[in-house]
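# Predicted model, plus sequence, below.
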Amino acid sequence: MTYTAIGVLAVAIAVLLDLFAFKTRMVTRPIFWVSYAIIVFFQLISNGLFTGTQIVKYNGSAIIGGISPADVAPPFLGDGRIAFAPVEDLLFGFSLVLLSLSLWVFWGRRGIDRTTVSGPPMWRK
């Protein structure tokens, strides 16, 4: 299975869980898309730094495009990339953000973590 197929599958699973299993319907809310736009902006910056400087390299046969020579920095746009990052990274990022937010809302509706328990333990006297 290629990185592309896994990325598409991850998005499909996250959307199906959001809409039908958790019933949080995050993808139908405008605030989700505004929040995601902010997140994806910073994702492109950080991902672009790693892939543009070739700290992270991808096998060209596993991603969309991938025709760039391995010893040359990938293009900023084109060849299946946006801001040096493969489109598949955006698919994974979307699925991770959607799943995290869906689970947060799902558990919050069920009363999980209604009481703050962070900080040092409180000892009874």
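The structure has been received and is ready for your questions. These figures come from a predicted structure and were not determined experimentally. Numbers count the residues shown, from 1 in each chain.
# now P75: how far from G93?
Computed as C-beta to C-beta, to the nearest Å, the P75 to G93 distance reads 20 Å. The C-beta positions use only the backbone N, C-alpha and C, and glycine is treated the same way.
# Which one of those two is surrounded by more residues?
G93 (20 against 14; other C-beta atoms under 10 Å).
# For that one, which non-adjacent residue is spatially closest?
Q43 (4.9 Å; C-beta to C-beta, 6 or more residues apart in numbering).
# The one you found and F84: what is the separation?
In terms of C-beta to C-beta, Q43 sits 12 Å off from F84.
# swap in L77?
Relative to F84, and taking C-beta to C-beta, L77 is found at 9 Å.
# more neighbours, these two?
More crowded of L77 and F84, by other C-beta under 10 Å: F84, with 21 against 9.
# ok, the residue minimising distance to the centre of the chain to K23 distance?
By C-alpha atoms, centre = their mean, the mean C-alpha position of the chain lies nearest to G93, the distance being 1.3 Å. For G93, the distance to K23 equals 23 Å [C-beta to C-beta].
# Quick check, I39 in contact with F94.
No - counting by C-beta atoms under 8 Å, I39 does not reach F94; the two are 9.0 Å apart.
# Quick check on these two: which one has the bigger neighbour count.
The neighbour count for I39 versus F94, taken as other C-beta under 10 Å, is higher for F94 (20 against 15).
# Does the more buried one touch V15 like I think?
No - using C-beta under 8 Å, F94 makes no contact with V15, being 9.1 Å away.
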